[in-house]
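Peer 1: Take this sequence and fold it.
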Amino acid sequence: MAKVIMVQGTMSGAGKSLLVAGLCRIMRRDGYRTAPFKSQNMALNSFITEEGLEMGRAQVMQAEAAGIRPAVCMNPILLKPTDHIGSQVIVNGRVIGNMSAREYFSYKKKLIPDIRNAFRKLEELADIIVIEGAGSPAEINLRENDIVNMGMADMVDAPVLLVGDIDRGGVFAQLLGTLMLLSEEEKKRVKGLVINKFRGDKTLLDPGIEILEAKGGIPVSGVIPYMDIALEDEDSLTARFDRSERGIIDIAVIRYPRISNFTDFNIFEQIPGVSVRYVDSVMKLGTPDMIFLPGSKNTMSDLQWMRGSGLERAVMKMAGKIPICGICGGYQMLGRQISDPEGVESGGTVDGMGLLPVTTQLQDEKVRRQVQGTIDRTEGIFSVLSGLSFEGYEIHMGRTTQTGGEQIFCCGENDVYGTYIHGIFDKGETASALVKALAKNKGVDVKGSSCMENAVCTDYRTFKEQQYDKLADIMSAYLNMEEIYGMLREACL
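Peer 2: A predicted model of the protein is given here:
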């Protein structure tokens, strides 16, 4: 049996995902086969495995940190919100249907065998499993039939590290309040407290730590500083959406209400002189050098939102002046029509923007597959990408066709493009070539600009490996790893 440890948080966004990734990297470097696990994840950023199964990207990121191949047993349940009260429910990588929050609350106990089976599969691969909770274990209205926090810890007899976010204020109240709302049996599982995202002089924090330990009866296992780490964060709380600065090359990504898989644009953030802004109004859009329409969990609804907000008209006015590219749901929006005869989303038919000569029909069966290949000869600004190789994946409910059959990549007039391939820009040479073409299109003297002349980024996979090592270096310096390994040994006695 694998040894287990669980990271829970006082709230969403406390830093659980990154801490799990960091622990996976540290333990891997210490010579252990390590794997991440999250029984239930709610996210709109997802990934397709080699087997064509869908899982949350947070566990993919953690698996990469552990140096192992992502497997759906690391995240047996994935919830993808479709509206304010409902989600698409994905179990073991496959869609089982849409449920309201109340329906799922009543149903989820039936998924415990799936969780146990997934965990047993993972035990065959790992010496240590680092489990991530969700939200907070103190959400007492959800305690009944819990399968992701203390219910999960009890299922596999895991010691718990409880993490609080000092950057958002009130960390002592967060930690002590959470402990107060736990049952006595649940509190016994908490073996260490972690204060995350600390800025400043730690000696000023020490008196509070002494009181926290005295009142909580649990040691503080580390105070982790605010980390400048460029890795994928929790999609619902990402700080990326708040960025407004503009670089020499300014890329705008339309942020509709149900935006998904916006990790497609992380690669551009690593190129000097490039800004990536997520915009949800015409006023914020301004005059970028390129516009991306990203994926959407509800394409028809988000297209209607674009219409109502004026962003559709603004994007269409810019066609022919700057490049526009849609990925997945954004690709569907750029076409002539989207139909939904089976009621996959809202039913009926809506006109698209008409910037690409394609039509889309939504279907019940989701396309899930990894893809690789070479970008065909392309016109316009994307011509610089002709012949470059790519690796990525498709994940969509629609079939997009043009005369001659289904199209996973389409080039229209006036520098308008669409594709179903997530990750198509992740190779460094691809993103760099596009940025340099944008600079030339804008009239920026690449040789006269130190930023643009050096607008070369490493392969995104290589960049992430560097970030995982940086994360592990920082956490090793500020966490009491001897104490944490002691929790693992104690759990096995």
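
Peer 1: Return the helix or strand hosting residue 366 as CSV; C-alpha atoms alone will do.
Peer 2: Element membership of residue 366 [criterion: DSSP states H and E] is strand 359-374. Extracted in CSV, the C-alpha atoms of strand 359-374 (Å, rounded to 0.1, in the frame of the first residue of the first chain):
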residue,chain,number,x,y,z
THR,A,359,-20.9,25.4,-39.8
THR,A,360,-21.1,23.5,-36.6
GLN,A,361,-23.6,20.9,-35.3
LEU,A,362,-23.4,20.1,-31.6
GLN,A,363,-23.7,16.4,-30.8
ASP,A,364,-24.1,14.3,-27.7
GLU,A,365,-20.9,12.3,-28.1
LYS,A,366,-17.8,14.3,-27.0
VAL,A,367,-14.7,14.1,-29.2
ARG,A,368,-11.7,13.3,-26.9
ARG,A,369,-8.4,12.6,-28.5
GLN,A,370,-4.7,13.6,-28.5
VAL,A,371,-3.4,14.8,-31.9
GLN,A,372,-0.1,15.6,-33.4
GLY,A,373,1.0,16.7,-36.9
THR,A,374,2.3,19.5,-39.0
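
Peer 1: ok and the helix or strand following that strand relative to strand 359-374, angle-wise?
Peer 2: For strand 359-374, the succeeding helix or strand toward the C-terminus, using DSSP H and E, is strand 389-402. Going by axes from the mean of the first three to the mean of the last three CA atoms, to 10 degrees, strand 389-402 is angled at 160 degrees with respect to strand 359-374.

Peer 1: and strand 389-402, average pLDDT?
Peer 2: For strand 389-402, mean pLDDT is 93.

Peer 1: What of stretch 121-134?
Peer 2: Here the average pLDDT along stretch 121-134 is 96.

Peer 1: Of all the residues in it, which ones are buried?
Peer 2: Buried residues in stretch 121-134, counted by 16 or more other CB atoms under 10 Å: 122-123, 125-126, 128-134. Placement of C-beta: from N, CA and C, glycine included.

Peer 1: Same check on stretch 376-384?
Peer 2: For stretch 376-384, by 16+ other CB under 10 Å, it's 380-382, 384.

Peer 1: and if you look at stretch 104-111?
Peer 2: With the criterion 16+ other CB under 10 Å, stretch 104-111 contains buried residues 104, 108, 111.

Peer 1: I'd like these written out as CSV, with pLDDT, distance to residue 178 and secondary structure added.
Peer 2: Output for these, formatted as CSV (pLDDT from 0 to 100; distance: CB to CB, whole Å; DSSP: H, G, I helix; E, B strand; the rest coil):
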residue, pLDDT, distance to residue 178, secondary structure
104, 94, 24, helix
108, 93, 22, helix
111, 97, 25, helix
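
Peer 1: so which of those comes closest to residue 219?
Peer 2: residue 108 (33.3 Å; CB to CB).

Peer 1: and the helix or strand where residue 350 lies, how far from the chain's centre?
Peer 2: In the assignment (DSSP H and E), residue 350 maps to strand 348-351. Strand 348-351 sits 30 Å away from the centroid of its parent chain (CA atoms, centre = their mean, to the nearest Å).

Peer 1: Direction included, what does that strand pair up with?
Peer 2: strand 337-340 (antiparallel) (DSSP bridges).

Peer 1: picking that back up, out of the buried residues of stretch 121-134, which two sit at the greatest distance?
Peer 2: 125 and 134, at 22.4 Å, using CB to CB across the buried residues of stretch 121-134.

Peer 1: which among the buried residues of stretch 104-111 gets closest to residue 53?
Peer 2: residue 111 (15.8 Å).

Peer 1: related to what we said a few turns ago, okay if I get the buried residues of stretch 104-111 as TSV plus distance to residue 292?
Peer 2: Shown next, in TSV, are the buried residues of stretch 104-111 (distance: CB to CB, whole Å):
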residue	distance to residue 292
104	32
108	35
111	35
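
Peer 1: Go through those and name the one nearest residue 294.
Peer 2: The closest of these, once distances to residue 294 are taken by CB to CB, is residue 104, at 25.9 Å.

Peer 1: for the nearest residue to the closest one once chain neighbours are set aside, what are its contacts?
Peer 2: Closest residue to residue 104 apart from its sequence neighbours, by CB to CB, 6 or more residues apart in numbering: residue 89 at 6.4 Å. Neighbouring residues of residue 89 by CB atoms under 8 Å, 6 or more residues apart in numbering: 77-79, 95-99, 104, 107.

Peer 1: Look at residue 89 and give its secondary structure.
Peer 2: Recorded secondary structure, residue 89: strand (DSSP: H, G, I helix; E, B strand; the rest coil).

Peer 1: How about it: which residues does it bridge to?
Peer 2: Applying DSSP bridges, one finds that residue 89 bridges with residue 79, residue 97.

Peer 1: What distance do you get for the closest residue to residue 481 other than its chain neighbours to residue 163?
Peer 2: Closest residue to residue 481 apart from its sequence neighbours, by CB to CB, 6+ apart: residue 26 at 6.6 Å. Distance, residue 26 to residue 163, using CB to CB, to the nearest Å: 15 Å.

Peer 1: Between these two, tell me which one has more neighbours.
Peer 2: Neighbours per residue, other CB atoms under 10 Å: of residue 26 and residue 163, the larger number sits with residue 163, 30 against 23.

Peer 1: before we move on, which element is that one in?
Peer 2: strand 160-165.

Peer 1: and the helix or strand following that strand, how far from the chain's centre?
Peer 2: Where DSSP H and E defines the elements, the next helix or strand beyond strand 160-165 is helix 171-181. The chain centroid and the centroid of helix 171-181 are separated by 27 Å under CA atoms, centre = their mean.

Peer 1: Pull out the buried positions in stretch 293-300.
Peer 2: Under 16+ other CB under 10 Å, the buried positions of stretch 293-300 are 293-300.

Peer 1: Show me what the mean pLDDT comes to for that stretch.
Peer 2: Throughout stretch 293-300, pLDDT has a mean value of 95.

Peer 1: start to end distance for it?
Peer 2: 13 Å (CA to CA, to the nearest Å).

Peer 1: One more: stretch 68-78?
Peer 2: 20 Å.

Peer 1: got it, and stretch 269-279?
Peer 2: Span of stretch 269-279 from end to end, CA to CA: 16 Å.

Peer 1: in the helix or strand residue 119 falls within, what's buried?
Peer 2: Secondary structure from DSSP H and E places residue 119 in helix 112-123. Within helix 112-123, the residues that count as buried by 16+ other CB under 10 Å are 114-115, 118-119, 122-123.
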